[in-house]
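*Asks:* Sequence and predicted structure below; questions after.
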Amino acid sequence: MKEDGEDLTETETPERIESPVDAPRASAAGSTSPATAEKPSADNRAKAIEVSGLSLFYGDFKAVEDVDMSIRPNKVTALIGSSGCGKTTFLRSINRMHELTPGARVEGHMTLDGADIYGPGVDPVEVRRQVGMVFQQPNPFPTMSIYENVAAGLKLNTRRIKKAQLDEVVERALRGANLWNEVKDRLNKPGSGLSGGQQQRLCIARATAVQPEVLLMDEPCSALDPVATLAVEDLIQELKKNFTIVIVTHNMQQASRASDYTAFFNLEKSGDPGRLVEMDETTAIFSNPTQKATEDYVSGRFG
């Protein structure tokens, strides 16, 4: 019931929905030592991802074959490799978005803190609430204001929330995206009126407003100028205090600057499935890779 003086709007607070994905937190294999680990944020929601024997298909075509990978919480993992090697397909599989393509299917296992996201009874929509996505091109909703863009994910739910609480969520998300000071006086203006870099940070604010545990980024800076790119890279370093971040990039300098771990995907020839060739700390991948193919790629000999 509405109390006197309370302003309500038709939306829902970002409460967790019970599902098989919401399992007790497991320890992340290979986590950093106490001497080097950063102190987690009070808002830390990051989850570890474990992948074993994962193969991804579109109909009869095998796009990615037999991937084993550990993605650590509160770290940035970069996926690199030439076009068509399966890195974006793998990224989309982390929140089951590849299943939106007809005929897509998966073999193997992927877990978030021990819970199989492809297990029986797991709702893909709930997985996507916990694993957010930022796309290559900034895509604010063109008919919505800056405020409405950030609140859009919350409004997909049905329960009502006080307007003051929604204001707090929007401000927190915009502050988290380092955008609040730039837009606080024009929240009712169209999001499409912002610059490219601001639009991408708006999309990041929209993704984090619903409080996911993992944030996926598919070449988030490819359409941005160098100044906007550095702003997003700085933001990524702030966001990893609260989220697990996985980013696809073709920019080797960006991978070396922005990520803690790097995974190199490759394929033998056109038509073959992509494979994970090597994964290690980013400094090791770029300075002392164990595989010749990795060395050739990061040094620019192919790709």
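*Replies:* That came in fine, so what should we check first?
*Asks:* neighbours around Gly300, how many?
*Replies:* Counted with other C-beta atoms under 10 Å, residues neighbouring Gly300 total 8. C-beta here means a position set from N, CA and C on the backbone, and glycine is covered the same way.
*Asks:* Asp167 too?
*Replies:* By other C-beta under 10 Å, the residues close to Asp167 number 15.
*Asks:* Pull out the buried positions in the helix or strand harbouring it.
*Replies:* According to DSSP states H and E, Asp167 maps onto helix 163-176. Going by neighbour count (16 or more other C-beta atoms under 10 Å), the buried part of helix 163-176 is Leu166, Val169, Val170, Glu171, Arg172, Ala173, Leu174, Gly176.
*Asks:* How about stretch 217-235?
*Replies:* 217-221, 223-224, 228-233, 235.
*Asks:* Out of those, which two sit at the greatest distance?
*Replies:* Asp218 and Leu230 (18.9 Å; C-beta to C-beta).
*Asks:* I figured Asp260 hits Thr77, correct?
*Replies:* Yes. Here Asp260 reaches Thr77: they are 7.1 Å apart, a contact under C-beta atoms under 8 Å.
*Asks:* With neighbour numbers in mind, choose between the two.
*Replies:* Set side by side, Asp260 and Thr77 show more neighbours around Thr77, with 23 against 17, by other C-beta under 10 Å.
*Asks:* Check the gap between that one and Thr101 for me.
*Replies:* As for Thr77, its distance to Thr101 is 23 Å (criterion: C-beta to C-beta, to the nearest Å).
*Asks:* picking that back up, need the buried residues of helix 163-176 in CSV with distance to Gly196 and pLDDT, can you?
*Replies:* Below are those laid out as CSV (distance: C-beta to C-beta, whole Å; pLDDT from 0 to 100):
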residue, distance to Gly196, pLDDT
Leu166, 27, 89
Val169, 25, 91
Val170, 21, 94
Glu171, 23, 95
Arg172, 24, 93
Ala173, 19, 94
Leu174, 17, 95
Gly176, 19, 93
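*Asks:* what residue ranges in the stretch 151-300 of the chain score low on pLDDT?
*Replies:* Along the stretch 151-300 of the chain, segments meeting pLDDT under 70 span 157-159.
*Asks:* where do the helices sit along it?
*Replies:* For the stretch 151-300 of the chain, applying DSSP state H, counting those that start in this stretch gives helices covering 163-176, 180-183, 196-209, 226-239, 252-258, 282-287, 292-298.
*Asks:* Make a markdown table from the ones you listed and add distance to Met133 to it.
*Replies:* Output for those, formatted as a markdown table (distance: least, C-beta to C-beta, whole Å):
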| stretch | distance to Met133 |
| --- | --- |
| helix 163-176 | 15 |
| helix 180-183 | 22 |
| helix 196-209 | 7 |
| helix 226-239 | 14 |
| helix 252-258 | 17 |
| helix 282-287 | 22 |
| helix 292-298 | 25 |
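*Asks:* and of these, who's closest to Glu50?
*Replies:* Closest approach to Glu50 among the helices of the stretch 151-300 of the chain (C-beta to C-beta): helix 282-287, 19.8 Å.
*Asks:* Which among the helices of the stretch 151-300 of the chain is found nearest to Tyr147?
*Replies:* For the helices of the stretch 151-300 of the chain, the distance to Tyr147 is smallest for helix 163-176, at 5.7 Å, taking C-beta to C-beta.
*Asks:* gap between that closest one and the chain center?
*Replies:* Centroid separation for helix 163-176 versus its chain: 20 Å, with C-alpha atoms, centre = their mean, to the nearest Å.
*Asks:* correct me, but Ile242 touches Gly132?
*Replies:* In this structure residue 242 is Asn, not Ile. No. Asn242 is not in contact with Gly132 according to C-beta under 8 Å; the separation is 11.6 Å.
*Asks:* which residues are common contacts for these two?
*Replies:* Shared contacts of Asn242 and Gly132, defined by C-beta atoms under 8 Å, 6 or more residues apart in numbering, are found at Thr208.
*Asks:* buried set for stretch 295-302?
*Replies:* For stretch 295-302, by 16+ other C-beta under 10 Å, it's Glu295, Tyr297, Val298.
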